[in-house]
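[1] I need the structure of the sequence given here:
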Amino acid sequence: MFKFLKEVVSGSGSGLKDLPYTIGEPYSTAWGSWTHHRGTSKDDGSPVSIFSLSGSNAQDRHLAAGRNGVKRLRTVRHPNILSFLHSTEAEVFDGSTAKHTIYIVTEPVMPLSEKLKELKLEGTQRDEYYAWGLHQISKAVSFLNNDCKLVHGNVCLASVVVTQTLDWKLHAFDVLSEFDSSNEASNNPMLQFEWLVGSQYKPMELSKSDWATIRKSPPWSIDSWGLGCLIYELFSGMKLAKTEELRNIASIPKSLLPDYQRLLSSMPSRRLNPSKLTENSEYFHNKLVETIHFMEILNLKDSVEKDTFFRKLPNIAEQLPRQIVLKKLLPLLASSLEFGSAAASALTVLLKMGSWLPVDEFNVKVLPTIVKLFASNDRAIRVGLLQHVDQFGESLTSQIVDEQVFPHVATGFADTSAFLRELTLKSMLVLAPKLSQRTISGSLLKYLSKLQVDEEPAIRTNTTILLGNIASYMNEGTRKRVLINAFTVRALRDTFPPARAAGLMALSITSSYYDMTEVATRILPNVVVLTIDPDGDVRTKAFQAVDQFLLIARQNHEKLTTGDSLGAEIAGIQLNPGHAGLLGWAMSSLTQKGKASEHPLPSGNTNNVVSASSDASAVINLQGVAAVQAASTSSSLDQPSPPSPRSVDGWGELDDGDLHDDIHDSDKEGWDDVDPLEEQKPPPPSLTNIQAAQKRPVVQPKQQVNPSRTQPTVKALKAEDDDLWVLYLRRCLKLRQNRHTMMWMISGVL
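    Reported below is the predicted structural model:
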């Protein structure tokens, strides 16, 4: 028999040298003669607990009891019983003395007495946590007594340990034995190692070794007494010294007192069954016990019960002990979300609880679950993630965003729900800085190209805002190919006034990315037209943009004239604040729900970004689009409007058919359909004279002329230029009026 037990104990390793764990510092307390050590796995460094028991020789009776405990712990499995991982028995030399030692490796746990000192719970929170712990130990004891017909024999404070999730677990199985009721008259010992149990923990019949009475009693009679001892030690805060101390009930809660007295009944047959303890007592009916119990059986609840529970959970979590919420409820919540048993509303609770964690713990306990949820097909989950991306986006690494998050988020760009498309767009403000250049140029910009001609005006506006905000994350070639086309050809010609205003602001913010030729030939001509826009806010921003770009042109002129780089340096310094301002503008626009920015940027100064308290900030939420559209429509009925962003006029070769092609079928971002600068179409003949005047050299070669005739010549040239500009402006107005008239005629025919 001894050889068999030794093989069982040594089955997981032939000795200490084969123990795949590192033994650390011991705890100050442990059950019986065991020593409880901290430990780590040699494979992955994960924490474990290591229990050791030493004897002078292999026949030591403590080692015999320890081998019984190892065998029982390996074979008995229950959620509230300590989980066994590994065991071995080795001969360890202490100087010249050899000691036989048994090692048991389990999940990482801590003695209950030390954990309670660490938590320092008081009042209601203490009672709620004690109730939850006693509930777990009662279930473990009931499992042993009622289901397995086993007797633990020494339930007390020292036989309980606490896991990292603050669950209580029963261990110390050295005395554990089968309950033998087959021969009630027999007086042979039923508990072979009952001598390990302290006399203060023994009920009267066990102290007298009255095995006949024990066999006639229920299987739970001895362990029910042990539960009473545990309750006394728990609430008194002291180790039980003698049996008579159990009569001191001053520290026992009144709601638990009747059951406490029944557990310690002098008649074994009348002692309370542990399975009835949690059912009858009011003490076990509290918020913490009910909340954890609901979470553990969440799969059995219907959708209505889940929704009701998760709506109440944020308020309940505020009232529960913070450490229990973070170490027990949070893992349960994360697991239920990950495996699909929790409702989408649980995501909000998860993020709220996660906000109470330090950053490093948040990255370990919450972030992996969030990353997995991005692959969910549940639209409600996807909406919740996008709505709260600003809460966890900064914690995501660039690699995770690029490889695991963005591919799933990108499906929302083409979603049939306008609300989901808008949320996906807004999330890029947080995620785009973490994307690689390949993903930005090869994927993101293609999606944004489609959204800039979306049927929802708010989405078109926000796309322009986003493009201006992520311009700094594009490479130089991509910026030259995308920005001007996106802002001038599309945004400035949008029928929605806030979209045009957003285009003007985006141009101003990104002005440092354009060379002087682009400013003079492609930006200023498109911006000047909007100085006569029907919308007053657009006109204001157009004048501000004109002033800013003219300042750039003037500084470039001074640089060319003086040959000094000071002007360029000043221009760079003046434009730099714009980048910081855009982030604030876009953030307020993307986060406010139908409200103007609370911190509008200064206007009227060419060195700063234009104000964001315009209609552009009022259309960020789709709910506010209708009101803005109505206002802009009523103000534009009697005045010509810019061409639709979907029209071919002024758009090059872009048409509706191209907009709905699969983005992966093209290697362009969607803005390449506009002819580049060097391939512009020849101007109409009516503008030839105007352009010729614009191309006149600034510095004319000096000629010897009569001083008396110089002044009239200069005046004549100035008059000619003025006439040309007047002609140019009149033709622009006429073209706009003709276009407006044609649109009304077409709409009348339709």
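
[2] next up, the contacts around the closest residue to Ser56 other than its chain neighbours.
    Spatial nearest neighbour of Ser56, excluding adjacent residues (Cβ to Cβ, 6 or more residues apart in numbering): Lys99 at 6.8 Å. For every residue, glycine as well, the C-beta is placed using N, CA and C. Shown in contact with Lys99 (Cβ atoms under 8 Å, 6 or more residues apart in numbering): Ser54, Gly55, Ser56, Glu91, Val92, Phe93.

[3] SS state for Lys99?
    Under DSSP: H, G, I helix; E, B strand; the rest coil, the three-state class of Lys99 is strand.

[4] hang on, the earlier thing: farthest-separated two in the contacts of Lys99?
    The distance between the two most remote of the contacts of Lys99 (Cβ to Cβ) is 14.1 Å, for Gly55 and Phe93.

[5] give me the more crowded residue out of these two.
    Taking other Cβ atoms under 10 Å, Gly55 and Phe93 do not tie; Gly55 has more neighbours (18 against 8).

[6] hmm, Arg67 and that one touching each other?
    No: Gly55 lies out of contact with Arg67 (Cβ atoms under 8 Å); the separation is 10.4 Å.

[7] picking that back up, pick out whichever of the contacts of Lys99 sits closest to Ser251.
    Nearest to Ser251 among those, with distances taken as Cβ to Cβ, is Ser54, at 36.3 Å.

[8] who is the closest one paired with across the strands?
    In this entry, Ser54 is beta-bridged to Thr101, by DSSP bridges.

[9] can you show me the strands along the chain?
    Ranges of strands in the chain, per DSSP state E, are 21-26, 35-41, 47-55, 84-94, 97-106, 109-111, 150-151, 160-163, 168-170, 177-178.

[10] want to throw those strands into CSV with mean pLDDT and distance to Leu329?
    Shown next, in CSV, are the strands of the chain (pLDDT from 0 to 100; distance: least, Cβ to Cβ, whole Å):
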stretch, mean pLDDT, distance to Leu329
strand 21-26, 94, 29
strand 35-41, 95, 26
strand 47-55, 94, 21
strand 84-94, 86, 26
strand 97-106, 89, 24
strand 109-111, 96, 19
strand 150-151, 95, 32
strand 160-163, 97, 14
strand 168-170, 97, 16
strand 177-178, 92, 37
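
[11] which of those sits closest to Leu256?
    Nearest to Leu256 among these is strand 168-170 (16.1 Å), distances taken as Cβ to Cβ.

[12] I'd like the distance from the closest one to the chain centre, please.
    For strand 168-170, the separation from the chain centroid amounts to 32 Å (computed by Cα atoms, centre = their mean, to the nearest Å).

[13] i'd like the first residue to be 114 from this point on
    Renumbered: residue one is now 114, and that last one reads strand 281-283.

[14] residues making contact with it?
    Contacts for strand 281-283 (Cβ under 8 Å, 6+ apart): 193-196, 222, 225, 245-247, 249-250, 253-254, 265, 268, 272-276.

[15] got the buried residues for stretch 462-474?
    Val462, Leu463, Leu464, Lys465, Met466, Gly467 (16 or more other Cβ atoms under 10 Å).

[16] what's stretch 252-262 in contact with?
    Contacts of stretch 252-262 (Cβ under 8 Å, 6+ apart): 189, 191-194, 263-265, 268, 282-283, 289, 291-292, 331-333, 336-337, 339-340, 386-388, 391.

[17] just give the nearest non-adjacent residue to Thr552, would you?
    Using Cβ to Cβ, 6+ apart and skipping the chain neighbours, the partner closest in space to Thr552 is Asp515 (5.6 Å).

[18] okay, now the unreliable bits of the chain?
    By pLDDT under 70, the low-scoring segments of the chain are 114-129, 208, 297-300, 677-863.

[19] show me the contacts of stretch 252-262 that map onto helices.
    Those of the contacts of stretch 252-262 mapping onto helices are Asp336, Ser337, Gly339, Leu340, Pro387, Ser388, Thr391, per DSSP state H.

[20] circling back: which of the buried residues of stretch 462-474 lies closest to Phe662?
    Leu464 (43.4 Å).

[21] could you pull up the residues touching the closest residue to Ser394 other than its chain neighbours?
    Leaving out its chain neighbours, the residue that sits closest to Ser394 by Cβ to Cβ, 6+ apart is Asp372, at 4.8 Å. Going by Cβ under 8 Å, 6+ apart, Asp372 touches Leu385, Leu390, Asn393, Ser394, Tyr396.

[22] next, count neighbours for the third one.
    Look at Asn393: counted by other Cβ under 10 Å, it has 13 neighbours.

[23] for stretch 577-591, buried residues please.
    Across stretch 577-591, burial judged by 16+ other Cβ under 10 Å covers Thr577, Ile578, Leu579, Leu580, Gly581, Asn582, Ile583, Ala584, Tyr586, Met587, Thr591.

[24] for stretch 308-327, same thing?
    Going by neighbour count (16+ other Cβ under 10 Å), the buried part of stretch 308-327 is 309-311, 313-316, 318-319, 323-324, 326-327.

[25] let's have the residues you listed in a markdown table, adding distance to Ile622.
    As requested, these are exported to a markdown table (distance: Cβ to Cβ, whole Å):
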| residue | distance to Ile622 |
| --- | --- |
| Leu309 | 78 |
| Val310 | 78 |
| Gly311 | 77 |
| Gln313 | 78 |
| Tyr314 | 76 |
| Lys315 | 81 |
| Pro316 | 81 |
| Glu318 | 86 |
| Leu319 | 83 |
| Asp323 | 90 |
| Trp324 | 89 |
| Thr326 | 89 |
| Ile327 | 85 |
